[in-house]
Structure formats: structure tokens, C-alpha cells
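Participant: Structure, please.
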Amino acid sequence: MYSLGETSFRITFWKILLNRKNVDENTRECARKSLALSKIVRSGPKSKNVNTKTRESARHGSDLSKPLRSTGNPRKWREEDDDQAAHECYENLHHRNSINDGGVILTSIIHFGRLFTNANQTPRMVFGDGDGIIFVNFAECLKVVGYGLTHGVIYSTARLAYNGQPAALSESIADIFLPDIKGAALRSMKAPGTAFDDHRTIPDRAFYLVATGLADAGLGEYAWEMAGPIWYESLIHENIKRHCSFEDFAVITSLRRALKLKWWSKQSGF
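Facilitator: Numbering: from 1, shown residues only. Below is the predicted model:
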């Protein structure tokens, strides 16, 4: 639906999928859309903050209050590329300079804990190495990097409380800004069902309906053209407060949608 950019490795992967004859149409369409977004992100100006990223290693410890060792480990090239792709996506699609819109340095902590099967934003990004069985190194997954950086954007804007509806809304927004692969995985926006969190799937489903509705009406073929900006502009709206409810957010997104449609009508001459 929406993605935080693609590394060169993934761009090559999508191109290979498009050229294969035995690939089904859903996968082919996913590849086409991913390449289209990659083209948009990478056609914009390169970030002026290319070198404003730091990486530190927890060396499998869990005490982040202690001084950590900086790392330039070449094995982490993918994580470096991924957070840069996420940074440039926000900059080129939403004109946002880093997660705080002020060029803040992106700090990542790798090798956190032992067999730590998660990643979180503290606001520094903390990555576990996984268990090597079900979960692998989280720093090497674009979606995990993008998901964490989106939470950084949320923290720098609405600062949504992490309980009740605000927490579910925060998780939903992070969902919205990154899914781009075939399949329902752990959650589905199209048919959420119960999944593992009943609440976050409500705004997820709302975004899906808005995005597909706009596309069906010919108002942007891709989610990031109309629906994505509506959600982003709603997130940074001055009326979105820490304890924002689903209803509060729905009011703002409806307003932003109306303004977008009015702008589109003027641009199109209708």
C-alpha cells in the first residue's frame, strides 16, 4: 500500500520479478508499484544530511545508559542504506527533514541483547539480532527500519499516548507507511479480521478504503499520491493531540481529504 523506499538490492529484485513469466499478476502489480515509488523517491534531491547518521553497538548488552562503541562494520551496509532510503522518502514525498523535521541525527543501536527478537524506538532505534530461527537481524530489514523511523515521526509530532485508542492509532500509522509486499502477513488492511490487535485494524481498514476509493475514482493510482499525504498532513495537524481518539483523527483526515479534493478539482479544471 505505502512504502518507505527501496534499496538498490530490492529494486533489482522487483525488476527480476517483472521479467519472470511464471509470476502471478498480484505479485507483478506489487513489483510495478514498488518500482514506481522507488523512482519517485530517488528522483528527488539527495538528502543534505547523508552523513547525519550514527551507529553504535550494544555488543549484546541491554544497558543503554553505558557508553556504546561506534561501529562502521561493513556487514551493516544494508541497514545504512535502509535508514537513508526512509529518510529520503520522507524528505522527497513529504518535504520532511529527518524524523523531527529539523535534521536530527538518526542514531541506531545494533546487537542489542542476546537473541532479542524485536526492535524499538527510544527515540534511538534499537535493533536485536533475532533468534536465528524465526527472526533474523532486524537492522537488515527495511520495513523494521521504516516502521521505527515512522514511530520517531509520530513522537516528534502528535506524541500519541501509548495506551487505548491513541496507541492503536500510532501503531496503525506506522503500518500504513510501510506495507508493500504481497500477502496479509501478521495483519491485513483489506480484511483485518481480529489479527493480534483488534483496535489498530480499525484505522488500518479506514486507510485502505480511502486509498482504494480515491484510486477507483481516478484520483491517484498509488496510495502515496493522495491517501498517504492526507494521513501525513493529519498526523502533523495542530489539532492532533496526545490523547487523540479514532473519531478525532477521522475528523481531521476527512477535512484534509476535502481540501485535497478541492485542490485536485482546481488543478484539473473541474
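
Participant: pLDDT of stretch 229-238, averaged?
Facilitator: Stretch 229-238 shows a mean pLDDT of 90.

Participant: which of the residues in it are buried?
Facilitator: Along stretch 229-238, these residues count as buried under the neighbour rule (16 or more other C-beta atoms under 10 Å): 229-235, 237. No exception for glycine: its C-beta is placed from N, CA and C like everyone else's.

Participant: likewise stretch 238-257?
Facilitator: Applying a neighbour-count criterion of 16+ other C-beta under 10 Å, the buried positions in stretch 238-257 are 240, 244, 246, 248-249, 252-253, 256-257.

Participant: end-to-end on it?
Facilitator: The first residue of stretch 238-257 is 16 Å away from its last residue (C-alpha to C-alpha, to the nearest Å).

Participant: before we move on, the earlier item: can you pick out the most distant pair from the buried residues of stretch 238-257?
Facilitator: Between any two of the buried residues of stretch 238-257, the greatest separation by C-beta to C-beta is 17.0 Å, found for Cys244 and Arg257.

Participant: Out of the buried residues of stretch 238-257, which sit inside helices?
Facilitator: 246, 248-249, 252-253, 256-257 (DSSP state H).

Participant: Closest one to Asp198 out of those, please.
Facilitator: Phe246 (12.3 Å).

Participant: Please name the residues that touch the closest one.
Facilitator: The neighbourhood of Phe246, defined by C-beta atoms under 8 Å, 6 or more residues apart in numbering, consists of 165, 168-169, 202-203.

Participant: okay, these in CSV with neighbour count, distance to Thr150 and pLDDT next?
Facilitator: Listed next are the contacts of Phe246 as CSV, based on neighbours: other C-beta atoms under 10 Å; distance: C-beta to C-beta, whole Å; pLDDT from 0 to 100:
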residue, neighbour count, distance to Thr150, pLDDT
Gln165, 20, 18, 93
Ala168, 22, 15, 91
Leu169, 25, 13, 93
Ile202, 16, 18, 87
Pro203, 24, 14, 89
